[in-house]
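Q: coordinates for the following, if possible.
(2 chains)
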Amino acid sequence: MSTGMPLPRLIHIDDYASVLGEPQVEELRTLASRLQGRTVQMVNSTAVGGGVAEILTRLVPILQELGLAIRWDVITGGNDFFDITKAFHNALHGGSYEMPPESFEVFLAYNEQNLARLQMEGEFTVIHDPQPVALLKARHDQSGHWIWRCHIDLSRPNPTVWQFLEPWVNRYDGAIFSSPEFSRQLSIPQYLFYPCIDPLAEKNREMEPEFVRGTLERFSIDPARPILTQISRFDRLKDPVGVVRAYRIVKRYFDCQLVLAGGGADDDPEGAAVLAEVQEAAASDADVHILNLPPWSATEINALQRGSTVIIQKSLREGFGLTVTEALWKKKPVVASAVGGIPTQVIHKHTGLLAHSVEGTAYQIRFLLSNPAIASRLGEQGHEHVREHFLITSNVRRYLTLFLHLLGSS
Amino acid sequence: MRAAEHPFQFVTASYITQISNHKAVTLFELAKGLKDSSDASIFYHTFQSLSRHHFLTEGFSNDFAQWVLAACNRPELAEQLAGLDIRDYLSLAELRSDLLRLVTAYCAGNPPYADQAAFEPFYFCEGIEVAVPLSIEARSLEEFRAGLERLSHASMHYHFIASRLRLHLRTNDFSNWLESSLGLNALAQRVNRVDIYTYTLDSVQSILMALVDEELSR
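A: Got it, this is the predicted structure:
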């Protein structure tokens, strides 16, 4: 089977043995041995940029190396199509839908165009997100296994858009969601695949302590005093001002510093406004470091996370919260809000601490700063939790298991 | 050393999670969910939960206990639920019955808390198992030891924890084979006594290897 997208070949499955252990990698090979030569087709709407493309860039080469005949195709469309799918995206997150009624026909027409262009011939076809959902029309006589992978939160969808999509979704053999909270009541089986990080990627790979220290000093952060860090876009839903308020409470007891690092303030007017609010809240406190980083700052973010004493994620609403996953992987004690996918990752008092308010966040941070041994244990257990559930290899395993299950069922 | 007539076939099991349509926001709804959910769901939140969190050795027992503690803030009931030892159960029906009994009794004794909304909902899920034989089998204790060393967490869980329900015996695959195929009854019992709640799966694996080494050195 030919490959639609050029696949990077930089990292091999055996490279993961250093983080997973040989038996776990061998087990992936055992599972895959039952699927040798089986054809798999992944379809999404973008080749670069965005979380889905990032996951597929890693996932597809690994499944190919494990012996599956996998191809990855990307649908195309005009600006009108992507305006509609962007409106779908916002509406499925609960926003209003302002597009004209004929937008649904335009959406279907572009799916038809892609059907004419793409070869849909996988035994297992995985359609990612709503954009290519109507490619299901290519299925004849219930042949093959068709799965819809939904990466977005469908808990409160706009009814107009959902009423259009739901009949399509219910014709698949199953749907995959990132959290039970994001799923809908459907007539098909719904599977849970957590989002994941790549431990060998720039943002997560191991770093020399000297490099971490150098990065902190480059940002004028003192490595010798406790560092509290929240990595997130400058977005009100991440409550950066609440983080500053929590820091102020902690500061009464500990000579600590606060780092608020993220992006989104340059190309988003709301981001710029939030950044201004945070700067105002921080006032002239020299121990508050507000870093508006460009999108290519993976190395810096890695170093900031590794150099921190406590990582905070005080979101008011959250998707899965992969910045929490990244922090846990780096064995950092985490204090986070119990929203979205965070409680799945931060098992209270086992892999981190949950909080529900500014005062609660401050209290948990104080507790960790006062009890470094407990903080260290939470960090270690958080790392194991990520290793077990939230790495790209866990995702590989889930896909292999799902394909084997579907074969067994049929 | 004796050779077994029937080799021990090492197997790995892989699971995917299926999201069910039940969820609970209160203790009362948890009781209802416990009553209505499938056996696969009870298995997922107890037996499989232990495997998913095998690296936690202090105070984590099952998903129900953790939710009652962290989301409902009811430590007394959480302790009771955590106190249930899955090794005591040969069927999921018995385990479901005990879980339900504890939650129902607590709700009856503490009506104000039964309808109190939790910080976050409890979502009932199910585990779907796909078991695949590995290319490792053992006919002797030496081969068994070599196989043990190569096992992943999933294999350890399959043979040492989940096997109880498959066998319908208060034992595990390893002990069962050591006793029935090699006649090593004392070793089988010592293996079966290793505490899965207070050791990580890695530790359990190391302890089992040490027990076998001790037997081999006799």
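Q: assign residue B:191 to helix, strand or coil.
A: Following DSSP: H, G, I helix; E, B strand; the rest coil, residue B:191 is assigned to helix.
Q: that one against residue B:178, yeah?
A: Yes: taking Cβ atoms under 8 Å as the definition, residue B:191 is a contact partner of residue B:178 at 6.6 Å. C-beta: built from backbone N, CA, C; applies to glycine.
Q: contacts only, for the nearest residue to residue B:126 once chain neighbours are set aside.
A: The spatially closest residue to residue B:126, leaving aside those adjacent along the chain, is residue B:40, at 3.9 Å (Cβ to Cβ, 6 or more residues apart in numbering or on different chains). Under the criterion of Cβ atoms under 8 Å, 6 or more residues apart in numbering or on different chains, the contact partners of residue B:40 comprise B:18, B:126-128.
Q: what's the domain layout of chain A?
A: Using automatic domain parsing, the domain ranges for chain A come out as A:13-196+A:391-409, A:209-389.
Q: could I get those in a markdown table, plus columns for mean pLDDT, distance to residue B:48 and mean neighbour count?
A: Rendered in a markdown table, the data for the domains of chain A read as follows (pLDDT from 0 to 100; distance: least, Cβ to Cβ, whole Å; neighbours: other Cβ atoms under 10 Å in any protein chain shown):
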| stretch | mean pLDDT | distance to residue B:48 | mean neighbour count |
| --- | --- | --- | --- |
| domain A:13-196+A:391-409 | 93 | 12 | 18 |
| domain A:209-389 | 94 | 12 | 19 |
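Q: JSON lines please, covering those domains and showing distance to chain B.
A: Listed next are those as JSON lines, based on distance: least, Cβ to the nearest Cβ, whole Å:
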{"stretch": "domain A:13-196+A:391-409", "distance to chain B": "3"}
{"stretch": "domain A:209-389", "distance to chain B": "4"}
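Q: and these: which comes nearest residue B:109?
A: Relative to residue B:109, the nearest member of the domains of chain A by Cβ to Cβ is domain A:209-389, separated by 24.7 Å.
Q: pull up the distance across that closest one, start to finish.
A: For domain A:209-389, the first and last residues are 27 Å from each other (Cα to Cα, to the nearest Å).
Q: repeat for stretch A:116-132
A: Distance across stretch A:116-132, first residue to last, is 13 Å (Cα to Cα).
Q: hang on, the earlier thing: settle it for me: which of residue B:191 and residue B:178 has more neighbours?
A: Looking at residue B:191 and residue B:178 with other Cβ atoms under 10 Å in any protein chain shown, you find the greater number of neighbours at residue B:178, namely 28 against 23.
Q: mind telling me what element that one is part of?
A: Using DSSP states H and E, residue B:178 falls within helix B:173-182.
Q: repeat that for residue A:311.
A: Using DSSP H and E, residue A:311 sits in strand A:310-313.
Q: please compute how far that strand lies from its chain's middle.
A: Distance of strand A:310-313 from the chain centroid (Cα atoms, centre = their mean, to the nearest Å) equals 17 Å.
Q: tell me which residues are up against it.
A: Applying Cβ under 8 Å, 6+ apart, the external contacts of strand A:310-313 come out as A:226-232, A:238, A:243, A:246, A:305, A:321, A:323-324, A:327, A:332-337, A:342, A:361, A:365, A:368-369, A:375.
Q: take these and keep only those in helices.
A: Judged by DSSP state H, the subset of these located in helices is A:243, A:246, A:305, A:323-324, A:327, A:342, A:361, A:365, A:368-369, A:375.
Q: quick check: buried residues in the helix ranked longest in chain B?
A: For chain B, the helix that runs over the most residues, judged by DSSP H, is helix B:92-109. Neighbour counts over helix B:92-109 (16 or more other Cβ atoms under 10 Å in any protein chain shown) mark B:92, B:95-96, B:98-100, B:102-104, B:106-107 as buried.
Q: and these, which is closest to residue B:152?
A: After measuring the buried residues of helix B:92-109 against residue B:152 - Cβ to Cβ - the closest member comes out as residue B:92, at 24.7 Å.
Q: quick one, what contacts that closest one?
A: By Cβ under 8 Å, 6+ apart, the residues touching residue B:92 are B:39, B:42-43, B:165.
Q: tell me which two of those sit farthest apart.
A: The most widely separated members of the contacts of residue B:92 are B:42 and B:165, with 10.3 Å between them, by Cβ to Cβ.
Q: quick one: which of the two has more around it?
A: Neighbour totals were compared for residue B:42 and residue B:165, and residue B:42 leads with 23 against 17 (other Cβ under 10 Å).
Q: which ones are touching the nearest residue to residue A:153 once chain neighbours are set aside?
A: In this structure, residue A:153 finds its nearest non-sequential neighbour in residue A:182, 4.3 Å apart by Cβ to Cβ, 6+ apart. Shown here is residue A:182, whose contacts under the criterion Cβ under 8 Å, 6+ apart are A:150, A:152-155.
Q: let's see which of those end up in helices.
A: Among the contacts of residue A:182, DSSP H puts none in helices.
Q: could you dump these to a markdown table with distance to residue A:125?
A: Rendered in a markdown table, the data for these read as follows (distance: Cβ to Cβ, whole Å):
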| residue | distance to residue A:125 |
| --- | --- |
| A:150 | 15 |
| A:152 | 19 |
| A:153 | 24 |
| A:154 | 20 |
| A:155 | 26 |
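Q: what about the helix or strand residue B:202 falls within, average pLDDT?
A: Secondary structure assignment for residue B:202, by DSSP H and E: helix B:201-216. Helix B:201-216 comes out with an average pLDDT of 95.
Q: surely residue B:201 and residue B:53 touch.
A: No: applying Cβ under 8 Å as the test, residue B:201 and residue B:53 come out as separate, 10.1 Å apart.
Q: flag every residue of chain B that's near chain A.
A: By the criterion of Cβ under 8 Å from any Cβ of the partner chain, the positions of chain B lying close to chain A are B:12, B:14-19, B:21, B:23, B:52-56, B:58-60, B:66, B:69-71, B:119-121, B:123, B:125, B:128, B:130, B:132, B:134-135, B:150-155.
Q: buried ones among the residues you listed?
A: A residue is treated as buried here by neighbour count (16+ other Cβ under 10 Å); on that basis the buried members of those are B:12, B:14-19, B:23, B:52-56, B:60, B:66, B:69-71, B:119-121, B:123, B:125, B:128, B:130, B:132, B:134, B:151-155.
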